[in-house]
Every structure is written in structure tokens, then in C-alpha cells.
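Peer 1: what would the 3D arrangement of this be:
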Amino acid sequence: MKNLIRKILKEHTLILESGIRGIKELAKRYPKAKIYFHQDLDGVTTALGMKNYLEQHGIKVVDAEIIQYGAKEFAIKKPDASGDVMPVLVDFAHGKPMFEIHTDHHDTQAGAEDTKSTSFRPSRSNVETISQVMSPKEIFPSQDILLISTVDSANFVEHDITPEMVMNYLFKYDKDKTLERNKMLMGLVVNKLLLAYKNKPSFMEEIVLNAQPSLISILNNIRKQAVEKGFATPEDMIQNQAKYLESRKDPEKVKTIGNIITQYGFGSTIKPGSYDRYTPFRNNPNADFIVTGMPMGMVQSSCNPFKKERALKGINLGEVKDEVLEQMSPELKGLKVSFGDIKKVSEFEAEYSSVGFTLKDMVAIYSSAPSFKVNGGERLFEILDDMSKKLYKTLSPKQKELFEKITVNGLDIIKANSGGHKCITNISGINFLYRKKGNDTEIQNIPNELKPIANYEGSDRFVNDIKSKLLRFGTLSDKQKEAAFRQIAKEGLPTTYESSEKTEKSYVDLVKEIQNLFVNILQQKINQEGGTNELGEEWSEKYKKSIDCNNPKGFSQKAHCQSRKKSDLDEYARTLKMARRQGSGTRFSEPAIKSNPMRFRPSTRK
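Peer 2: Sure, this is the predicted structure:
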């Protein structure tokens, strides 16, 4: 009880100090700030919200930088908190001691223990908390927050949003639609353009530094950059998207097993605007799930977010993930992965000024795993703590040997990197497994799909540079692979590899194995529990009405009865309830209340 009281008092103190603990002291210490943010709509808008919040306290935001999970996380330049620029991290679950402020909305965070000031509240989007709970005054318009949260949580069904709307590049005001509907469609176009241009140099950073906290301001900034920098036009991207949609109808590339879509990779995504994650559901609108294997070392599964009846399947993808790992556990537990292995793979995009993968990262992410072992005492930790601040590729062979003294097994590697919930889940970290020791990766250990690059003997400097990275780290980013294969094809060389030789298992083989197992278990659950009768047909309305919710039989009937009740508050209401419990009240503007009186009922304003 005492701990609970302390927690409540601590949260209440956070609110009394305008949302972030010690903000006044931080403002005295740092006149300027740099914001690191995730590369999506919530990341950009959260960074804009944080910029506005910091400037309310006299801290000028002078720089911004994207941070992504995986190798890009450890490739960012080292922030220096000793100067007059405060490093701030938003919308990201992996913290680091170098950040003075860290805010996030995911269920769990790692590595933020030494951060001076943190604010973690589960919600549909991080900007929702900053704009409507943390800030003493609303930062983003409430309609914008609704759209951002809808996109970040893929809550499309509730708002009658179709794949065509999400994938649309052009917005034109429709006088036959309500103002709210037009604003939502405009916000979807903002999201689509952000994703289309996201890899352009400094694109998102300029939005954070120059736009105001509103979707219309972000849209205007995007249009300005597109014209000034010569980005592909929306009309060109619509044509590229149409060709990509057609190419993904190939049953050899995108297969359907029952109501499950399964694909390995995303095909050619080189042309601007071609790729969209929801393409398979647009081509297969009746599908309930998709399972994707990714060459980067991940298997991702999700529900069809546009299908209203998908919840009646009674399937929890997080539970499917757990069953897959349980069946794979004998093999995965037998794989020993060292600190050096993880550091080497994590840093394959790192440069000399990058933060790299340090001992603090290793401890934050893996030390709670049952198989985490350290073959040494405190002195080893001291040595590795200092040594790990250098990039793996700069270490001597003797130094690298010390990194082999900290290990964790393959199952715990994947568990630490994976996550999700009922309607989306990831099995990640597979790329750390089945890697051989050595300073460079031998060609025979390269996955077959990358062998044409590893065996390249041409004179193109660009491809040889990518080949060097492949041999050093054993993997490449999708962008590097596509660029290399494009050049190899231009030279008339083969872009596929065929060999009768028996090669050792690689992590790519493991990705495909896990993907196939996931599909099989998911299909079994659909047949047994997920809303089908003995004949394998969809439940009829008559059958649904016949279910006795006072005595439901089986998991699927229980799930159906729970959906009937609809007694729980939705996620947005729970966020408001949490804010009231913490003594913050809610701070909605009068115009927002007048524009949507049903949403901001008196009970939510008191």
C-alpha cells in the first residue's frame, strides 16, 4: 500500500510540474534541445508536441533526428548532454542514459533507468498523452489526435476507413462530406505522404523543426518540400502504386491459405510510392490475417484492420506467437549467442560517431532473461563497459574474445525482441541466430538469396562497397539489397543463386521455418476455435443467436460473448480516466467541446 501511495504521489507531482518531472530545473540547465523521434506519423507529431511543450518552458528546439528499432537505433550519432543542448527521446521503447527526457506510450520500455525524467503512459499514441494530458493546454486539435491515434492503432473499422482511403495520395475537399470526415481523409493523406517520402534526407526532421502542431501545417510543409526538392509527384506515385498492387496479385509471391495471407518479403519497392503495408488486404479484402516473413530477420502477423467481423474469430495472435516459440524452444535454447554476436549485427549500419551497442544496452534488453550468463566478475563488467563504447569493427581479436564471455540463448534473444497483442505480433531478433564466428562472414554462411552480391566480381564501386558490408556483417538493409541487385541486373549478371551443395542453416532459413509454423498453428486455431462450425463454414446469424452467454462453450464462444457485452471503456476513455485518477483533470478547449459535444461529455470535463 505504501508503494502504491508513493506511486500516486509521484504521478501527481509529475502533473503539478506541468507533466514532466523537473522541467523547471531542466529549463535552467538547458536553453536548447534536440529531439529524437520514431519514423512514423505518431513519431513526427509527438516530436512536434514535445517541441511545443519545451518551448512553453523556454527551451528552444534546434535540431531533430530519426531513430528506428534495429541497426538504425545504434547508428545514431552520440548525443552530448554535457553541452547546452538537451537530448530528448519520444515515441520509442528503448531508452538510453544519454537522454535527459524520455516519453513513450508502449506497454514496456527498456534502458531508461538512468534517464533524468521519464513519462510513460500506455495509450493509442504518444502524442495523445503529450497534447491532452501532459501539457497544461491542448497542443494538437482534438480531431487531429483522433486521426493520429486511429492510424497508430490501426483502428480503421470503427471509423469506416477502407484500404483505398489509407492508401490515397491526393486530398480534395468534398463538400458532400462533413467537416470532420474531410479532416480525417486529409489526415490519412498526410500519413501516406509521410511514409512515401520518409527516406528522403532530412525530410521528417524539417517537418519537426518548421511545422506547427497540426495536420494541415504538416501537409503544407510536405507539399513545400516535395516541390522544392523535386520529390515524386502524387500522380506519379499513384501510377507506381497501381503497378505494385498488380504485381502483388501473383499467387507465387502472395499466397492465401484459407483466410490467411502469407508472403515472404514485399517484392520490388524501389519506385517511389509503390509499397504500402496494406496492399495484401486491398487485394484480398476477405482475408482475416496476414503472416509476413522478412529477410531482415522477423516474422510479423496481423489481423485485417478493415474487416468488421475479424474479432469474432476469437484468435489471439500473441498466443499463436507463444505457441510457435514453445514448439521451436528445443532448437532455439540450443543456440548460444554472445554479446559480441549481438554487438556485431546491431552495428552493421553504425559509423565512427555512432552510439553503437554498449554493455548498458545488453544489460537493459537481455539481463532479465533466464539464460543470461556472465563468465567473469565485476572486473569483466568494468572492462566491457568501457570497451563496448567502441564499435565492434574497431576492436582487436583479443578484445572481441572478451565479448564472448557474456551469452544468452536463442529463445531468450527472440523473446526479448518480440512482442505484440491480439491483432498484431512480431517475432524478431531471428537475424542474431545461426551466425558463425570470425571477423568477416564467410561466403558459404551468407543466405542464398544474397549470394549473387557476395559472389560479385564486377568493377562497380557501389556494389563492391555493399558486398564488403555483407561479408563483414552477414546482412544488408532492404534498400542496399535492392540497389545492388538493380546494378547487377544492369550488368547482365544473375540475381538468383542456385546450388546443389548442401549448405548450413542460416537465419533466413529460420525465418521461413517460423513463418510456416506460424501459419500452420494459426490455421489450426481458426478451424478449431476461431469462429467456424464443424463443417468449416462461417457462423450464421442463427448460430450466433443460439449461443448461451451465461454458459459459453469454448474459447471462441467466450470471445463472441465478450464482444456482445461491450462493457469495457474503450482505450481513449481509459486514457481520460487515468488522467483524472492522477489528479490532472482534462484540458480541452471550448471550441473542441462545442465541435464535438458527444465526445467531450460533462463527465469527461469534470
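Peer 1: give me the below-cutoff pLDDT ranges for the stretch 51-200 of the chain.
Peer 2: 81, 105-123 (pLDDT under 70).
Peer 1: can you tell me which residues contact Ala286?
Peer 2: If you look again at residue 286, you'll see it is Asn, not Ala. Residues touching Asn286, when contacts are defined by CB atoms under 8 Å, 6 or more residues apart in numbering, comprise 259, 307. Where C-beta positions appear, they are placed from N, C-alpha and C, glycine not excepted.
Peer 1: could you grab the helix/strand/coil label for it?
Peer 2: Local secondary structure at Asn286 is given as coil here, using DSSP: H, G, I helix; E, B strand; the rest coil.
Peer 1: can you check the one 4 residues further on too?
Peer 2: The assignment at Ile290 comes out as strand when based on three-state DSSP.
Peer 1: that one and Thr256: what is the separation?
Peer 2: Shown here: Ile290 relative to Thr256, a distance of 10 Å by CB to CB, to the nearest Å.
Peer 1: spatially central residue for this protein, please.
Peer 2: Nearest residue to the geometric centre of the chain (CA atoms, centre = their mean): Tyr69, 7.1 Å.
Peer 1: returning to what we had before: between Ile290 and Thr256, what contacts are shared?
Peer 2: When contacts are counted by CB under 8 Å, 6+ apart, Ile290 and Thr256 have Thr262 as shared neighbours.
Peer 1: which one of those two has more residues nearby?
Peer 2: A direct count of neighbours by other CB atoms under 10 Å for Ile290 and Thr256 places Ile290 higher, at 22 against 16.
Peer 1: pretty sure the more buried one contacts Ile261?
Peer 2: Yes: if you go by CB atoms under 8 Å, Ile290 and Ile261 touch, sitting 4.1 Å apart.
Peer 1: any common contacting residues for those two?
Peer 2: Here Ile290 and Ile261 have 280-281 as joint contacts, going by CB under 8 Å, 6+ apart.
Peer 1: which stretches of this structure form strands?
Peer 2: Using DSSP state E, the strands of the chain run over residues 32-37, 60-66, 85-90, 101-104, 117-120, 254-257, 260-264, 289-294, 298-303, 336-338, 373-374, 406-409, 419-421, 424-428.
Peer 1: can you show me the CA trace of the longest one as CSV?
Peer 2: Listed in CSV are the C-alpha atoms of strand 60-66, where the atom choice follows Å, rounded to 0.1, in the frame of the first residue of the first chain:
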residue,chain,number,x,y,z
LYS,A,60,14.3,26.2,-27.9
VAL,A,61,14.4,23.0,-30.1
VAL,A,62,17.3,23.5,-32.5
ASP,A,63,17.6,20.0,-34.0
ALA,A,64,15.8,16.7,-34.6
GLU,A,65,16.8,13.2,-35.7
ILE,A,66,15.1,10.0,-36.6
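Peer 1: in that strand, what's buried?
Peer 2: By neighbour count, with 16 or more other CB atoms under 10 Å as the criterion, the buried positions of strand 60-66 are 61, 64-66.
Peer 1: turn these into TSV, columns for distance to Lys78.
Peer 2: Below are the buried residues of strand 60-66 laid out as TSV (distance: CB to CB, whole Å):
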residue	distance to Lys78
Val61	19
Ala64	16
Glu65	12
Ile66	16
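Peer 1: neighbours around the closest residue to Ala27 other than its chain neighbours, how many?
Peer 2: Ranked by CB to CB, 6 or more residues apart in numbering and with sequence neighbours excluded, the top spatial neighbour of Ala27 is His57, at 4.6 Å. Applying other CB under 10 Å, we find 14 residues neighbouring His57.
Peer 1: pretty sure His57 contacts Lys28?
Peer 2: No: His57 is not in contact with Lys28 according to CB under 8 Å; the separation is 9.9 Å.
Peer 1: the longest helix that the chain contains vs strand 424-428, what angle?
Peer 2: Secondary structure assigned by DSSP state H gives helix 507-528 as the longest helix of the chain. Between the axes of helix 507-528 and strand 424-428, defined by axes from the mean of the first three to the mean of the last three CA atoms, to 10 degrees, the angle is 150 degrees.
Peer 1: okay, the strands of the chain in JSON lines with distance to Ala242 next?
Peer 2: Putting these into JSON lines (distance: least, CB to CB, whole Å) gives the following:
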{"stretch": "strand 32-37", "distance to Ala242": "32"}
{"stretch": "strand 60-66", "distance to Ala242": "29"}
{"stretch": "strand 85-90", "distance to Ala242": "36"}
{"stretch": "strand 101-104", "distance to Ala242": "37"}
{"stretch": "strand 117-120", "distance to Ala242": "42"}
{"stretch": "strand 254-257", "distance to Ala242": "16"}
{"stretch": "strand 260-264", "distance to Ala242": "19"}
{"stretch": "strand 289-294", "distance to Ala242": "21"}
{"stretch": "strand 298-303", "distance to Ala242": "24"}
{"stretch": "strand 336-338", "distance to Ala242": "43"}
{"stretch": "strand 373-374", "distance to Ala242": "53"}
{"stretch": "strand 406-409", "distance to Ala242": "46"}
{"stretch": "strand 419-421", "distance to Ala242": "31"}
{"stretch": "strand 424-428", "distance to Ala242": "27"}
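Peer 1: tell me which of the ones you listed sits nearest to Glu349.
Peer 2: strand 60-66 (12.6 Å; CB to CB).
Peer 1: quick one on the thing from earlier: which neighbouring elements make contact with the longest helix of the chain?
Peer 2: Helices and strands touching helix 507-528, by 3 or more CB pairs under 8 Å, 6 or more residues apart in numbering; DSSP states H and E, are strand 260-264, strand 289-294, strand 298-303, helix 317-333.
Peer 1: closest to Arg124 out of those?
Peer 2: Closest to Arg124 of the helices and strands packed on helix 507-528 is strand 298-303 (CB to CB; 16.0 Å).
Peer 1: direction included, what does that closest one pair up with?
Peer 2: Sheet pairing here is set by DSSP bridges, and for strand 298-303 it gives strand 289-294 (antiparallel), strand 424-428 (antiparallel).
Peer 1: let's have these in JSON lines, adding distance to Phe372 and mean pLDDT.
Peer 2: What follows is those, written out as JSON lines (distance: least, CB to CB, whole Å; pLDDT from 0 to 100):
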{"stretch": "strand 289-294", "distance to Phe372": "26", "mean pLDDT": "96"}
{"stretch": "strand 424-428", "distance to Phe372": "18", "mean pLDDT": "93"}
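Peer 1: redo those strands as TSV? Include distance to Ser338.
Peer 2: Output for those, formatted as TSV (distance: least, CB to CB, whole Å):
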stretch	distance to Ser338
strand 289-294	24
strand 424-428	19
